[in-house]
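Participant: Mind folding the following:
(2 chains)
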Amino acid sequence: MTELSRKCVPFTPYERELARATVALVTAGGVHLRDQPPFNIADELGDLSFRVIASDVQASELMVTHHHYDHSDADRDINVVFPIVALRALAEEGFIGGLAREHVGFMGYTMQLMRMYEETAPLIAEEVDSKSRADIVVLTGG
Amino acid sequence: MSTVLITVSPEASRQGRPPRALYPKNFAIGNALGRPGMAELQKRVLREALGLIKEPPRPGEIIERDFPEYATTG
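Facilitator: The predicted structure follows:
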């Protein structure tokens, strides 16, 4: 695996027009489909897994499992942490080219930072890069 | 792929030195895009974040923007 320097910010330029960009959402806000297994909030070490969310998802199909932020607003409107409706609107307006095939939710709380960094993060990046086919990723937290 | 972060914990996010990051000023934790039901505000925040993709690079910096409508409703 590529080792990133702690001093270096891994900046990837985007040379094309935004109107041609394919955009994916990746959230640490504990977002997942109601029929997917919830994140394990009983484990004090956190949950290193992630959930793949198809691009045609309806906001009502999504929920939050996360016990380290107040997600009562997200429970009422998932778009406050996972802006799928806004992303669709920007695609319809032509501001971006379109939505990626898949988006990703994970639970940003962990006591296993090295494993999150060395295991989960590369798996999410691989998912987004090879399956979602996004060229821009918008990251959100809780 | 290029990334942009929308953060409501700017101090914590700064330590991660993200390549591009937007802090919607004074937004609460759990409200990265704004409040429930404020679809126009949520879209504005997302548009601002995506706009950072084409701005001159300031890697590691957290860019603050004001969204006054967040404070006036909810």
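Participant: any residue of the top helix by length along chain A up close to chain B?
Facilitator: In chain A, taking DSSP state H as the definition, the longest helix is helix A:84-92. Yes. Residues of helix A:84-92 contacting chain B under C-beta under 8 Å from any C-beta of the partner chain: A:85-87, A:89-90. Where you see a C-beta, it was placed from the backbone N, CA and C, and this is true even at glycine.
Participant: which one among those residues gets closest to chain B?
Facilitator: The closest of those to chain B turns out to be A:Ala86 (C-beta to the nearest C-beta; 4.1 Å).
Participant: what about that closest one, how many neighbours?
Facilitator: Look at A:Ala86: counted by other C-beta atoms under 10 Å in any protein chain shown, it has 23 neighbours.
Participant: Show me the helices in the chain, by range?
Facilitator: The chain I'm using is chain A. A:72-76, A:84-92, A:113-115, A:121-126.
Participant: meant chain B actually
Facilitator: B:10-15, B:39-51, B:68-72.
Participant: who wins for proximity to chain A among the ones you listed?
Facilitator: helix B:39-51 (4.1 Å).
Participant: Could you tell me the average pLDDT over the closest one, please?
Facilitator: In this model, helix B:39-51 has a mean pLDDT of 98.
Participant: Pull the residues that contact it.
Facilitator: Residues from elsewhere that reach helix B:39-51 (C-beta atoms under 8 Å, 6 or more residues apart in numbering or on different chains): A:18, A:21, A:23, A:79-80, A:83, A:85-87, A:89-90, A:95-96, A:136, A:138, B:4-6, B:22, B:24, B:32-35, B:65, B:67, B:69-70.
Participant: Just the buried subset of those residues, please.
Facilitator: The neighbour count (16 or more other C-beta atoms under 10 Å in any protein chain shown) marks A:18, A:21, A:23, A:79-80, A:83, A:85-87, A:89-90, A:95-96, A:136, A:138, B:4-6, B:22, B:24, B:32-35, B:67, B:70 as buried among these.
Participant: What parts of chain B come near chain A?
Facilitator: Proximity of chain B to chain A (C-beta under 8 Å from any C-beta) is limited to residues B:1-9, B:13, B:17-20, B:29-37, B:39, B:42-43, B:45-47, B:49-51, B:53-54, B:57, B:59-60.
Participant: Just the buried positions in stretch A:28-43, please.
Facilitator: A:28-33, A:36, A:39.
Participant: Now cross-check those against chain B and list the overlap.
Facilitator: Okay, of the buried residues of stretch A:28-43 touching chain B (C-beta under 8 Å from any C-beta), that's A:Gly29.
Participant: List the contacts of residue 67.
Facilitator: No chain in the question, so chain A it is. A:41, A:109.
Participant: think we crossed wires, I meant chain B
Facilitator: By C-beta under 8 Å, 6+ apart, the contact list for B:Phe67 reads B:24-25, B:27, B:34, B:41, B:44-45.
Participant: Most neighbours of all those, which one?
Facilitator: B:Gly34 (29 neighbours).
Participant: Find the nearest non-adjacent residue to that residue, please.
Facilitator: In space, and not counting its chain neighbours, B:Gly34 is closest to B:Leu41: 4.0 Å by C-beta to C-beta, 6 or more residues apart in numbering or on different chains.
Participant: Could you check the pLDDT of residue 30?
Facilitator: Because you didn't say which chain, this covers chain A. pLDDT for A:Gly30: 97.
Participant: hm, I was asking about chain B
Facilitator: 97.
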